[in-house]
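Asks: Here you go, sequence then predicted model.
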Amino acid sequence: MAVQKPSVPKGTRDFSPIEMVKRNYIFDTIKGVFKRFGYLPIETPSMENLSTLTGKYGDEGDKLLFKVLNSGDYLSKVKSDLTKAESSKLALEISEKGLRYDLTVPFARFVVQHLSEITFPFKRYQIQPVWRADRPQKGRYREFYQCDVDVIGSNSLLNEVELIQIIDQIFQKLNINAVIKLNNRKILLGIAEYIGEPEKFIDITVAIDKLDKIGLEKVNEELLLKGLSADSIEKLKPIFDLAGTNQEKLTLLREILKDSETGIKGIEEVETVINYFETLPLNIDLDLDLTLARGLNYYTGAIFEVKAKDVAIGSICGGGRYDDLTGMFGLKDVSGVGVSFGADRIYDVMEQLNIFPDEIVASTKVMFVNFGDKEEKYCLPLLQKLRDNGINSEIFPESSKMKKQMTYANNKNIPIVVLVGEDEMNKGLLTVKDMVSGDQAEMTFDELLNKFSL
RNA sequence: GUGGUUGUAGCUCAGUUGGUUAGAGUGCCUGAUUGUGGUUCAGGAAGUCGCCGGUUCGAACCCGGUCUCCCACCCCA
């Protein structure tokens, strides 16, 4: 067989030991906070039935689904004329499974399917990879991990508040400066009603989402293109211009949207969440951002997005409330709310800021130089004692040249090297070298141990 | 999915108008130093120039395709 150059598919990556140590640090931190708030883990399959996935993420989302080819002679079962078949229709005939696009929709499916085993409110977390057939860029992968927390079966806004607390804790623990942007789909719907274009709701949200990126003028152009009247667009302006504190924005908004029942409901929801937030001793900033829309169509209430303040990489966490996701699987009137942490982007942020704690690379504290068979046998019990005392230690596995062994210790940042040769064995002492200062001294094993008990 | 961009030693990158044997820094290996790393000095190994094809007497360089990376759009973690 011809030798092939090894490679992984576009947008996917291998992770080396160093990367995994750092990734696990992120996962463990996130998981720890989830557990602290009483959430329990679940997992779902990498593949879902395509019918479970399609239609949940909007047209764009459907295009980004990875589809899995049916097994066997899938073409023989195709009914369409292959010479003029549309790809999108043909896909449904030759593929009935797809890789999951997020963890929220599979979770909704899970809830409905396992209803009898679940007590509401159901608090679950789920940390698994998801796949999107997007074109990769920095901070944008085709396979990436999401860390979801959701509580389903409770309308209480206390859940929204709890999510904010969770976000606060996680980013505090990871030492990332972040800001939570908060909005509410009901407010956006109210705005669409207020300007007299409720049926253009999706177009409006998608356009105003880009406000801080492309500016007011371009947004207006896009809205015009989508068929909004110039009048409607003019009415949007004061809403974009809203400034001041969260409370000030809400007061103004309440006046503007006073005739929209939905809008007022959204304002009240946001107000409640913000009022809770202000009574809590949290570190993170919470910004009411009316231009936050989020593309996922299943959100109905609060929407969140978290951005790192010090790195431009898009959102590192996002989510919101969905009132009818389970409805699509036949379970009505069960509302849920949750957020998803993007582990890969969080990694990129931490890497760029160089804020991974040194100690997570649990490195060796003591290395014994290997001088040969007799010395090995002499050192092994000492090594055992160090380990029993919780000191990470190792012996170089071969009696290589000193230079090689010392270089190894140096590159691995091992702070203490112990040399035990014939001399030391006869005297019952160890030569202990401090690799930072370069000093070395003879001492007993107990004296070495004492160095660590300080 | 649309448009653009990148790919040369393990890593970061030079490489002239197409012209003999493709370079540098860093890392690695060896020695100066047989039981002493991190500094210094001397030496050494290392490249199908992303891949496939074409043009040409001759291609890292020009052309086509393809893969990958990155950027913008779209969308998003």
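Replies: On my side now, so go ahead.
Asks: From here on, just use CA atoms for contacts and neighbour counts.
Replies: Will do.
Asks: Roughly how far does A:Y39 sit from RNA strand B?
Replies: 19 Å (C-alpha to the nearest atom of the strand, to the nearest Å).
Asks: Just give the number of residues close to A:I313.
Replies: 16 (other C-alpha atoms under 10 Å).
Asks: what about the helices in the stretch 101-250 of chain A?
Replies: With DSSP state H, counting those that start in this stretch as the criterion, the stretch 101-250 of chain A has helices at A:104-113, A:158-173, A:185-194, A:201-208, A:211-225, A:230-240, A:246-256.
Asks: so of the ones you listed, which one's packed in deepest?
Replies: Greatest average neighbour count among the helices of the stretch 101-250 of chain A goes to helix A:185-194 (a mean of 24), per mean count of other C-alpha atoms under 10 Å.
Asks: How far does it sit from its chain's centre?
Replies: Here helix A:185-194 is found 29 Å from its chain centre; the criterion is C-alpha atoms, centre = their mean, to the nearest Å.
Asks: quick one: average pLDDT of it?
Replies: On average, the pLDDT along helix A:185-194 is 90.
Asks: quick one, phi/psi of the residue nearest to the spatial centre of chain A?
Replies: Nearest to the mean C-alpha position of chain A, counting by C-alpha atoms, centre = their mean, stands A:G342 at 1.9 Å. Main-chain torsions, A:G342, degrees, to the nearest 10: phi -90, psi 100.
Asks: thinking it is in contact with A:E143, fair?
Replies: No - taking contacts as C-alpha atoms under 8 Å, A:G342 lies outside contact range of A:E143: 11.3 Å.
Asks: which element is A:E394 on?
Replies: strand A:393-395 (DSSP states H and E).
Asks: so, in contact with RNA strand B or not, that strand?
Replies: No - judged by C-alpha under 7 Å from any atom of the strand, strand A:393-395 makes no contact with RNA strand B; its nearest approach is 14.5 Å.
Asks: out of the helices of the stretch 101-250 of chain A, nearest to A:D28?
Replies: Smallest distance to A:D28 across these (C-alpha to C-alpha): 10.4 Å, for helix A:158-173.
Asks: what's the closest one packed up against?
Replies: Helices and strands touching helix A:158-173, as assessed by 3 or more C-alpha pairs under 8 Å, 6 or more residues apart in numbering; DSSP states H and E, comprise helix A:17-36, helix A:261-279, strand A:336-342.
Asks: How about A:L90, nearest residue that isn't a chain neighbour?
Replies: A:S80 (7.2 Å; C-alpha to C-alpha, 6 or more residues apart in numbering).
Asks: Count the residues that sit near that neighbour.
Replies: Quick note: A:S80 (other C-alpha under 10 Å) scores 12 neighbours.
Asks: Might you list the low-confidence residue ranges for the stretch 101-250 of chain A?
Replies: Within the stretch 101-250 of chain A, the set of residues satisfying pLDDT under 70 is empty.
Asks: again, only using 80
Replies: Residue ranges of the stretch 101-250 of chain A with pLDDT under 80: A:211-218, A:239-242.
Asks: What residues does it have near RNA strand B?
Replies: A:132, A:134-142, A:144, A:146, A:206-207, A:213-214.
Asks: Any of these buried? List them.
Replies: Taking 16 or more other C-alpha atoms under 10 Å as the criterion, what is buried in those is A:R132, A:D134, A:G139, A:R140, A:Y141, A:R142, A:F144, A:Q146, A:V206, A:A207.
Asks: The last one and A:F201, how far apart?
Replies: Between A:A207 and A:F201 the distance, using C-alpha to C-alpha, to the nearest Å, works out to 10 Å.
Asks: The third one too?
Replies: Distance, A:G139 to A:F201, by C-alpha to C-alpha: 29 Å.
Asks: repeat for the first one
Replies: Remark: distance between A:R132 and A:F201 (C-alpha to C-alpha) = 25 Å.
Asks: what comes up buried for stretch A:120-134?
Replies: A:K123, A:R124, A:Y125, A:Q126, A:I127, A:Q128, A:P129, A:V130, A:W131, A:R132, A:A133, A:D134.
Asks: How about stretch A:436-454?
Replies: For stretch A:436-454, by 16+ other C-alpha under 10 Å, it's A:E442, A:F445, A:L448.
Asks: Make sure I have this right: the first one is in a strand.
Replies: To tie it back to what came earlier, the one meant is A:E442. Yes - the assignment for A:E442 (DSSP: H, G, I helix; E, B strand; the rest coil) places it in a strand.
Asks: Distance to A:Y347 for the helices of the stretch 101-250 of chain A - can I get that in JSON lines?
Replies: Formatted as JSON lines, the helices of the stretch 101-250 of chain A follow (distance: least, C-alpha to C-alpha, whole Å):
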{"stretch": "helix A:104-113", "distance to A:Y347": "22"}
{"stretch": "helix A:158-173", "distance to A:Y347": "12"}
{"stretch": "helix A:185-194", "distance to A:Y347": "30"}
{"stretch": "helix A:201-208", "distance to A:Y347": "28"}
{"stretch": "helix A:211-225", "distance to A:Y347": "24"}
{"stretch": "helix A:230-240", "distance to A:Y347": "33"}
{"stretch": "helix A:246-256", "distance to A:Y347": "30"}
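Asks: What is the neighbour count of A:K258?
Replies: A:K258 sits with 14 neighbouring residues when counted by other C-alpha under 10 Å.
Asks: and what of A:S340?
Replies: Residues near A:S340, counting by other C-alpha under 10 Å: 26.
Asks: picking that back up, can you tell me which of the buried residues of stretch A:436-454 is nearest RNA strand B?
Replies: A:E442 (8.9 Å; C-alpha to the nearest atom of the strand).
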